[in-house]
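K.L.:
Pasting the sequence and the predicted coordinates here, then a few questions.
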Amino acid sequence: MELFIEVDNRRVLSALQGYGKKLERPHELMRLIAGRMLAAVEDNFEEQGRPRWADLHPDTIAGRKKAGYWPGKILQRTGALKNSIAQYWDDKQAMVGANLVYARIQQLGGQTKPHTIKPKNKKALAFAGKVLKSVKHPGSNIPAHPFLNLTDADLNYLGQDVADWLKTIP
């Protein structure tokens, strides 16, 4: 004797078709993800890194004090980098990024190239107790300050956003 269990799967198939249709154009989901990533990056700037960024070099702090930008936050001398953060999304992707030339070295760290420093508004520079027409700078070692970073908590929120979005599918 054979035993069979028959299940009416029409509701399951209908739900799967609903998921399929919604996933064909997940524009709204990508918008939610981009927004969550942007909020995480803003939190990174507010908290000066998550985990906390390396402190600024004492010479950088001294220069900022002289220019009136200290005390302040590590990557926010003028706010240009933070204000350059933009989000983008479409049906296939969600992105957050910055388009400033120095964004990459701040994110990843690295060595700047040697360069010559010349006066902008005067005929000479006062440097290390000397007056000079120019100074050869050997370059600087910039520690990484990963502002485009998602924490485990951010990823959990993203997962919850996706789960909530999926629940809206009829």
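P.N.:
Alright, I've got the coordinates.
K.L.:
Check whether Gln87 sits in a helix, strand or coil.
P.N.:
The three-state label given to Gln87 by DSSP: H, G, I helix; E, B strand; the rest coil is strand.
K.L.:
what's around it, how many residues?
P.N.:
By the criterion of other CB atoms under 10 Å, Gln87 has 18 neighbours. (Each C-beta comes from the backbone N, C-alpha and C, glycine too.)
K.L.:
List the contacts of it.
P.N.:
Ala34, Gly35, Met37, Leu38, Ala94, Met95, Val96 (CB atoms under 8 Å, 6 or more residues apart in numbering).
K.L.:
So Leu148 sits against Glu42, correct?
P.N.:
No: using CB atoms under 8 Å, Leu148 is not in contact with Glu42; the gap is 11.4 Å.
K.L.:
Output the helix or strand of the chain with the lowest mean pLDDT as CSV - backbone C-alpha positions only.
P.N.:
Between all helices and strands in the chain, the lowest mean by mean pLDDT, DSSP states H and E belongs to helix 10-24, at a mean of 77. Coordinates of each C-alpha in helix 10-24 appear next as CSV, following Å, rounded to 0.1, in the frame of the first residue of the first chain:
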residue,chain,number,x,y,z
ARG,A,10,-0.9,27.5,-5.3
ARG,A,11,-0.3,30.1,-2.5
VAL,A,12,3.4,29.3,-2.5
LEU,A,13,3.7,29.6,-6.2
SER,A,14,1.7,32.8,-6.2
ALA,A,15,4.1,34.2,-3.5
LEU,A,16,7.1,33.2,-5.5
GLN,A,17,5.8,34.9,-8.6
GLY,A,18,5.3,38.1,-6.5
TYR,A,19,8.9,37.9,-5.3
GLY,A,20,10.1,37.4,-8.9
LYS,A,21,8.2,40.4,-10.2
LYS,A,22,9.4,42.7,-7.4
LEU,A,23,13.0,41.5,-7.8
GLU,A,24,12.9,42.3,-11.5
